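1. Turn this into a model:
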Amino acid sequence: MISNLKFFLFLLICFLAIANISAKETLNYGDISIKAEHVTLNKFTNKLLLKTNIQINFGNFVLSGDSAILSYDEEKLVIDGSPASMLSKNGSINGVANQFIIYPNLSMEMLGDARLLQQDQSIYAEKITYQISPNE
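-> Residues are numbered from 1 along each chain as shown. As a prediction, the model looks like this:
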């Protein structure tokens with residue numbers, strides 16, 4: 001199981017590296033780590049499925065949820081939760097929503113009872129679109 005998780009983590013890192021290479025501005029978000037109780041790679045749909053106690057760490061962020069799907073064809077990571085959450089390690093950004101959708105350019109959609117707190121600002125909506133910047 002550990003060797004399978006390392007393989008999937010390697011695939012995720014390759015996916016994000018390719019996405020960063022194709023972007024106009026190359027960004028370095030450091031190491032990415034994924035924790036989940038169940039990990040499944042579906043070769044037919046080209047999707048990585050993560051279930052139960054999901055925790056994804058990248059750069060300054062920790063994302064948590066109940067399940068996640070990394071779609072290589074659609075180039076997006078979808079995290080579902082009740083609610084799913086996002087927290088920056090320095091505490092400057094905190095968000096919750098029923099679903100997070102993250103794209104290779106690090107734009108993010110927060111869907112369903114979404115709340116985003118950034119320093120002294122707070123946003124509440126059914127859908128919030130947010131661009132993660134390298135300074136966060």
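
2. which ones are touching I69?
-> Residues in contact with I69 (C-beta atoms under 8 Å, 6 or more residues apart in numbering) are K47, L48, L49, L50, L77, V78. C-betas here are computed from N, CA, C, even on glycine.

3. May I ask which of the residues you listed has the most neighbours?
-> L50 (26 neighbours; other C-beta atoms under 10 Å).

4. Need the pLDDT of that residue.
-> Looking at L50, its pLDDT stands at 91.

5. what sits against it?
-> Contacts of L50 by C-beta under 8 Å, 6+ apart are I34, A36, H38, V39, S67, A68, I69, L70.

6. So R115 lies in a helix, does it not?
-> No. R115: not assigned to a helix; according to DSSP: H, G, I helix; E, B strand; the rest coil it is strand.

7. In this structure it contacts I123, no?
-> Yes. Contact between R115 and I123 holds when scored by C-beta atoms under 8 Å: they sit 7.2 Å apart.

8. Show me the shaky parts of this protein.
-> 1-32, 134-136 (pLDDT under 70).

9. For it, just list every one of the helices.
-> 2-22 (DSSP state H).

10. Based on its surroundings, how many neighbours for the closest residue to N98 other than its chain neighbours?
-> Among residues not flanking N98 along the chain, G112 sits closest, at 3.0 Å (C-beta to C-beta, 6 or more residues apart in numbering). Neighbours of G112 under the rule other C-beta under 10 Å: 17.

11. what's near enough to touch G112?
-> By C-beta under 8 Å, 6+ apart, G112 lies in contact with P83, A97, N98, Q99, E126.

12. Return the residues in contact with the second one.
-> This means A97. Contacts for A97 (C-beta under 8 Å, 6+ apart) come out as P83, A84, M110, L111, G112, D113, A114, R115, I128.

13. State the distance from the third one to V96.
-> Which is M110. Relative to V96, M110 is positioned 8 Å away (C-beta to C-beta, to the nearest Å).

14. now do the last one
-> The gap separating I128 from V96 is 10 Å, by C-beta to C-beta.

15. shared neighbours of the two, anything?
-> Common neighbours of I128 and V96 (C-beta under 8 Å, 6+ apart) are A114.

16. show me the contacts for the closest residue to I69 other than its chain neighbours.
-> Nearest residue to I69 in three dimensions, chain neighbours excluded: V78, at 4.9 Å (C-beta to C-beta, 6+ apart). Residues near V78 by C-beta under 8 Å, 6+ apart: A68, I69, S71, Q99, F100, I101, I102.

17. Having no further points to raise, I will conclude here.
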